[in-house]
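*Asks:* the following comprises the amino acid sequence and a computationally predicted model.
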Amino acid sequence: MKPSFIHKLCCPFDKQDLSLTIIKKDMEGNIIEGLLTCESCRRYYPIVYGIPIMNPDEYREPQLEEPILKRWSKQLGSSFDEKLLK
């Protein structure tokens, strides 16, 4: 995902702007892994293999997202909230 693409995305739930935390980039500066978060509703959307995963709540599978978030917890630091996993 190109970093400039963030300006075209919004939270699917409440249509608010998303914050981007970049975990890993490729040589061209494209985002390979990262996390999009909505400050308004506190939802999060991981970026995996350059693709933002922005499924509606009823189609999300937290048990699949949890290992990724735990692996990223050191890079996310204070922006990572354990409550996101619940």
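*Replies:* On my side now, so go ahead.

*Asks:* which stretches of the chain form helices?
*Replies:* 62-76 (DSSP state H).

*Asks:* what about it, any weak spots by pLDDT?
*Replies:* 78-86 (pLDDT under 70).

*Asks:* need the strands for it, in chain order.
*Replies:* Assigned by DSSP state E, the chain shows strands spanning 18-25, 31-38, 44-48, 51-52.

*Asks:* what would those look like in TSV with mean neighbour count?
*Replies:* Where you see a C-beta, it was placed from the backbone N, CA and C, and this is true even at glycine. Formatted as TSV, the strands of the chain follow (neighbours: other C-beta atoms under 10 Å):
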stretch	mean neighbour count
strand 18-25	16
strand 31-38	20
strand 44-48	19
strand 51-52	14
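
*Asks:* closest to residue 66 out of these?
*Replies:* strand 44-48 (10.5 Å; C-beta to C-beta).

*Asks:* remind me what that closest one packs against, helices and strands.
*Replies:* Strand 44-48 sits against strand 31-38, helix 62-76, with contacts defined as 3 or more C-beta pairs under 8 Å, 6 or more residues apart in numbering; DSSP states H and E.

*Asks:* spatially central residue in this structure, please.
*Replies:* residue 35 (2.4 Å; C-alpha atoms, centre = their mean).
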